[in-house]
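Trainee: no sequence on this one, just coordinates:
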């Protein structure tokens, strides 16, 4: 086994990197960390994760076996704000609810059709499994 910091980044084929970046900036507070022609990289505040938006019109929105990718909330009471931010940013909310009491979630589509999850997990839930 090798030691890692876990999943650190995801690269997304998008129609317009600037447009895609602005969606995640509005919803998650994404901050730009690197830019080159046709590509923008951003990080969510306080994390070490990276989302890479790469212009590639042929592959836009194709999950090809990936069902979704997720972002964990720090506060379960922020789920309603997450729903509103997704809508204001132009995304589509597909489903919302609770996995168990006190662990709300929402599934949404971003502007390029990628399925994202925003959810809260009680401390210790995954560690105990």
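Mentor: Nice, I can see it. None of the values given here were measured: they were computed from a predicted structure.

Trainee: going by C-alpha atoms from here, please, whenever you check contacts or count neighbours.
Mentor: Noted.

Trainee: where does the prediction get shaky in the protein?
Mentor: 125-129 (pLDDT under 70).

Trainee: one more time with 90
Mentor: 1-8, 46-48, 56-67, 122-129 (pLDDT under 90).

Trainee: pull out the buried residues from the helix or strand hosting residue 82.
Mentor: Secondary structure assignment for residue 82, by DSSP states H and E: helix 79-88. For helix 79-88, the neighbour count (16 or more other Cα atoms under 10 Å) marks 79, 82-83, 85-87 as buried.

Trainee: and of these, the nearest to residue 64?
Mentor: residue 86 (23.2 Å; Cα to Cα).

Trainee: coming back round to it: can you redo the buried residues of helix 79-88 as JSON lines with distance to residue 113?
Mentor: Shown next, in JSON lines, are the buried residues of helix 79-88 (distance: Cα to Cα, whole Å):
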{"residue": "79", "distance to residue 113": "21"}
{"residue": "82", "distance to residue 113": "17"}
{"residue": "83", "distance to residue 113": "16"}
{"residue": "85", "distance to residue 113": "16"}
{"residue": "86", "distance to residue 113": "13"}
{"residue": "87", "distance to residue 113": "14"}
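
Trainee: run through the neighbouring helices and strands of the helix holding residue 82.
Mentor: Helix 79-88 sits against helix 17-28, strand 92-98, strand 104-109, strand 115-119, with contacts defined as 3 or more Cα pairs under 8 Å, 6 or more residues apart in numbering; DSSP states H and E.

Trainee: now for the third one, which elements pack on it?
Mentor: For strand 104-109, the helices and strands in contact under the criterion 3+ Cα pairs under 8 Å, 6+ apart are helix 79-88, strand 92-98, strand 115-119.

Trainee: what angle separates it from helix 79-88?
Mentor: 10 degrees (axes from the mean of the first three to the mean of the last three Cα atoms, to 10 degrees).

Trainee: go on, the shortest one?
Mentor: Regarding strand 115-119 and helix 79-88, their directions subtend 160 degrees when assessed with the same axes, to 10 degrees.

Trainee: just checking, what packs against strand 115-119?
Mentor: Using 3+ Cα pairs under 8 Å, 6+ apart: strand 115-119 touches strand 69-72, helix 79-88, strand 104-109.
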